[in-house]
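Visitor: how would this look folded up:
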Amino acid sequence: MNLLSEFIENYHEYKDYQDMHDNYRLKIPQDFNFAYDVIDRYAREVPQKRAMVWCNDEDEEKSFNFAEISRDSQRAAHFLSRHGIKKGDVVMLILRRRYEFWWLLPALHRIGAIAVPATNQLLKHDIVYRCNSAEVKMIISFDDGHVIKEIEEAVKECPSVKELVSVKGINPGWTDFHKEMEALPEECNVFARPQGENALHNDDTMLMYFTSGTSGYPKMVMHDYTYPLGHITTAKFWQNVIDDGLHISVAETGWAKAVWGKIYGQWIAGSAVFVYDMLAFTPDLFFRKLAHYKVTTFCAPPTAYRFLIRQDLSKYDLSNLKYCVTAGEAMNSEVFNKFYEKTGIKIYEGYGQTETAILAGTFPGMEVKPGSMGKSAPGFDLQIVNSEGKRCQSLENGSLKIRIAEGKPAGLLKGYYKTPEQTEAALGGEWYDTGDTAYYDDDGYIWFVGRNDDLIKSTGFRISPFEVESVLQQHPSVLECAVTGIKDPKRGQVVKATVVLTKEYKASRDMEVELKTFAKEHLALYKIPRVIEFVDELPKTISGKIRRVQIREEDSGK
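Guide: So this is what the prediction gives:
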């Protein structure tokens, strides 16, 4: 059983992309709430249906059905209420991949409190900024030997934080979540849907993420209660999850990718989620987990696939694995080809943002073009437009935008918290601007060019960093690289490549010449890096995105 027909008009198995794009229509119930209308619905009708399989590196393993998720999330709602959390309060969840996240997130939805997931990689100053910006009332975390100390130092400067709750390891001043959950009486197995002035509505704020911007302070992205419905497309029509299957997305719960791939769309479509609470990404161990638990669908960023293709994949029984996707950055053809060669599985790319659900993808039945984000996702009118607001022709670079003149689609942000000017700029006109540049090929596929502020302008040409990076990453010596522009009196800018080499290679003048020669064989002359710098690691955001802006600032002497 799945609930797709409940939320899609005239739901059927679409014969091809065009059929899906033209006929997909969401049915959005009044006052939809994921906890009551999805989790509890399954709990009533198919209580034993598998919802989640969880394991970690300490040989712990748990499996939850929907009856258990429903009961424990309702008990967690009572726990939160007893500690003063009410509608509109902001609660930060720093839980890595702890299974309690799948109780607490729906519990907050039941109350109408605002969940702020955050990564356990945060440092004190990150936590102070987030707590004070969002007026966080409670932080729920666990003792992992690092983040709990950062939290304790941070809250000294966060007057809005009234309580600290731990799901594992209790320090002085922290509330023991499990001890209190176990002590709740049986009547707390039910948390009634709020009514009257506490009733929850579609346009209430449900979830808030701090974007991992590559420049400036993170923005606070607000999503309303219709947001989970936008991820039906993400899960069913891009990730291609299977009813009663088992899906994994490689993402920590602190990032929006977790709700893209670990709860909303997957559960609506009837798929259980596999959660591996790993301390570090170890390709061999990761593949052994996928084989052991018989994972059926898989999503990971291209970076993860680059590590995975270095493994001897014949060692693992991946016969249950049916479908693989990637997002986060464009994938170069070398990674695609090697993974396909080793597994017989094609990798389908997708594109979206913290502010959105899936916006574009290579969907089932479409030809795969490695490096392309595919075509506009159903439910979104995604277009590449020029400066006059007209749709671009083939091979013409333009701004990637969502048309919102007829209304905001489910899955698009509600706005930015406490910054009405940013909200108005993003949602007040005919278009929502993603901030990315792209172009159509002759078949209507969309190809990413770059963030608007990352594009390099050299001798009148506009150069995409990704295009140059994709070529350099095909060289066996390159582990990862970042391409930026540096000022040049004659050309305006020239291309610079900042390169991290694999362990087998050493930085040298000969290595630099070899990479430039390699680039000349695969790129137009104006795109070839004039400068190559070897470094031990690239500057990145907490979420792992390359901070090209930091490289540019260091090169300009800021």
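
Visitor: where in the stretch 151-300 of the chain is pLDDT low?
Guide: Counting by pLDDT under 70, the stretch 151-300 of the chain has low-confidence residues at 212-217.

Visitor: Helices of that one, start to end?
Guide: Counting by DSSP state H, counting those that start in this stretch, one finds helices in the stretch 151-300 of the chain at the ranges 177-183, 227-232, 256-261, 264-268, 283-292.

Visitor: okay if I get these as CSV plus distance to Val531?
Guide: Placement of C-beta: from N, CA and C, glycine included. Output for the helices of the stretch 151-300 of the chain, formatted as CSV (distance: least, C-beta to C-beta, whole Å):
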stretch, distance to Val531
helix 177-183, 52
helix 227-232, 42
helix 256-261, 33
helix 264-268, 44
helix 283-292, 32
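
Visitor: For Arg44, find the nearest of these.
Guide: Ranking the helices of the stretch 151-300 of the chain by proximity to Arg44 (C-beta to C-beta) places helix 264-268 first, at 14.4 Å.

Visitor: other SSEs contacting that closest one?
Guide: With contacts defined as 3 or more C-beta pairs under 8 Å, 6 or more residues apart in numbering; DSSP states H and E, helix 264-268 has these neighbours: helix 227-232, strand 272-277.

Visitor: Let me have those in CSV, extended by distance to His21 and mean neighbour count.
Guide: Rendered in CSV, the data for the helices and strands packed on helix 264-268 read as follows (distance: least, C-beta to C-beta, whole Å; neighbours: other C-beta atoms under 10 Å):
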stretch, distance to His21, mean neighbour count
helix 227-232, 14, 27
strand 272-277, 27, 22
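
Visitor: For Gly361, find the nearest of the ones you listed.
Guide: Of all the helices and strands packed on helix 264-268, it is helix 227-232 that lies closest to Gly361, at 12.4 Å by C-beta to C-beta.

Visitor: Just give me the longest helix of the protein.
Guide: Among all segments of the chain classified by DSSP state H, the helix with the greatest residue count is helix 66-82.

Visitor: So Cys55: helix, strand or coil?
Guide: The three-state assignment at Cys55 reads strand, by DSSP: H, G, I helix; E, B strand; the rest coil.

Visitor: what bridges to it?
Guide: Applying DSSP bridges to Cys55 yields these beta-bridge partners: Glu61, Tyr276.

Visitor: how many other residues sit next to it?
Guide: Neighbour count for Cys55, taken as other C-beta atoms under 10 Å: 20.

Visitor: ok, it - contacts?
Guide: Under the criterion of C-beta atoms under 8 Å, 6 or more residues apart in numbering, the contact partners of Cys55 comprise 61-62, 275-277, 289, 293.

Visitor: would JSON lines of those with distance to Gly450 be doable?
Guide: What follows is the contacts of Cys55, written out as JSON lines (distance: C-beta to C-beta, whole Å):
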{"residue": "Glu61", "distance to Gly450": "43"}
{"residue": "Lys62", "distance to Gly450": "42"}
{"residue": "Val275", "distance to Gly450": "33"}
{"residue": "Tyr276", "distance to Gly450": "32"}
{"residue": "Asp277", "distance to Gly450": "34"}
{"residue": "Lys289", "distance to Gly450": "35"}
{"residue": "Tyr293", "distance to Gly450": "38"}
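
Visitor: Looking at these, spot the one nearest Ser376.
Guide: Of all the contacts of Cys55, the one sitting nearest Ser376 is Val275; the distance, using C-beta to C-beta, is 30.5 Å.

Visitor: Arg44 versus the closest one, what's the distance?
Guide: When C-beta to C-beta, to the nearest Å is the yardstick, Val275 and Arg44 sit 24 Å from each other.

Visitor: Check Tyr276 too.
Guide: Separation of Tyr276 from Arg44 (C-beta to C-beta): 30 Å.

Visitor: Also Asn320?
Guide: Using C-beta to C-beta, we find Asn320 at a distance of 29 Å from Arg44.

Visitor: Ok, Ile148 next?
Guide: Distance, Ile148 to Arg44, by C-beta to C-beta: 38 Å.

Visitor: And these two? Which one has more around it.
Guide: Legend: neighbour count by other C-beta under 10 Å for Ile148 and Arg44, higher for Ile148 (21 against 11).

Visitor: does the more buried one belong to a helix or a strand, and which?
Guide: helix 147-154 (DSSP states H and E).

Visitor: what about this structure, any weak spots by pLDDT?
Guide: For the chain, the stretches with pLDDT under 70 are 212-217, 452-453, 459-462, 542-544, 558.

Visitor: Let's check: the centremost residue of it is which one?
Guide: Nearest to the geometric centre of the chain sits Lys257, at 2.0 Å (C-alpha atoms, centre = their mean).

Visitor: Tell me which residues touch Asp106, please.
Guide: Actually, residue 106 is Pro rather than Asp. Pro106 makes contact with 34-35, 39, 69, 73, 76, according to C-beta under 8 Å, 6+ apart.

Visitor: helices or strands up against the helix or strand where Asp510 lies?
Guide: Secondary-structure element containing Asp510, defined by DSSP H and E: helix 509-520. Counting by 3+ C-beta pairs under 8 Å, 6+ apart, the packing neighbours recorded for helix 509-520 are helix 465-472, strand 492-501, strand 531-534.

Visitor: change it to 7 Å
Guide: Under the contact criterion of 3 or more C-beta pairs under 7 Å, 6 or more residues apart in numbering; DSSP states H and E, helix 509-520 touches helix 465-472, strand 531-534.

Visitor: Direction included, what does the shortest one pair against?
Guide: Strand partners for strand 531-534, identified by DSSP bridges, are recorded as strand 492-501 (parallel).

Visitor: Just the buried residues of the partner strand, please?
Guide: Residues 493-501 are the ones in strand 492-501 that count as buried (16 or more other C-beta atoms under 10 Å).

Visitor: what's the neighbour count on the nearest residue to Phe281 once chain neighbours are set aside?
Guide: Distances taken as C-beta to C-beta, 6 or more residues apart in numbering place Ala304 nearest to Phe281, at 6.6 Å, with adjacent residues excluded. Look at Ala304: counted by other C-beta under 10 Å, it has 18 neighbours.

Visitor: Now do the same contact list for the nearest residue to Ser166 once chain neighbours are set aside.
Guide: If the residues on either side of it in the chain are set aside, Ser166 comes closest to Trp174, at 4.5 Å by C-beta to C-beta, 6+ apart. Residues counted as contacts of Trp174 (C-beta atoms under 7 Å, 6 or more residues apart in numbering) are 164-166.

Visitor: got a markdown table for those, with neighbour count and distance to Val250 too?
Guide: Compiled in a markdown table, the contacts of Trp174 are given as follows (neighbours: other C-beta atoms under 10 Å; distance: C-beta to C-beta, whole Å):
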| residue | neighbour count | distance to Val250 |
| --- | --- | --- |
| Leu164 | 17 | 29 |
| Val165 | 22 | 27 |
| Ser166 | 20 | 26 |
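
Visitor: just checking, which of those residues belong to strands?
Guide: With strands defined by DSSP state E, the entries of the contacts of Trp174 inside them are 164-166.

Visitor: between these, which is closest to Trp54?
Guide: The closest of those to Trp54 turns out to be Ser166 (C-beta to C-beta; 18.3 Å).

Visitor: Confirm for me that the closest one is in contact with Phe142.
Guide: Yes - contact criterion C-beta atoms under 7 Å: Ser166 and Phe142 qualify, at 5.6 Å.

Visitor: show me where the stretch 201-350 of the chain has strands.
Guide: Listed in chain order, the strands of the stretch 201-350 of the chain (DSSP state E, counting those that start in this stretch) span 205-210, 220-224, 246-249, 272-277, 297-299, 323-326, 347-352.

Visitor: quick one: furthest residue from the center of the chain?
Guide: No residue in the chain has its C-alpha farther from the mean C-alpha position than Lys490, which lies at 40.5 Å (C-alpha atoms, centre = their mean).

Visitor: secondary structure class for it?
Guide: When states are read from three-state DSSP, the local structure at Lys490 comes out as coil.
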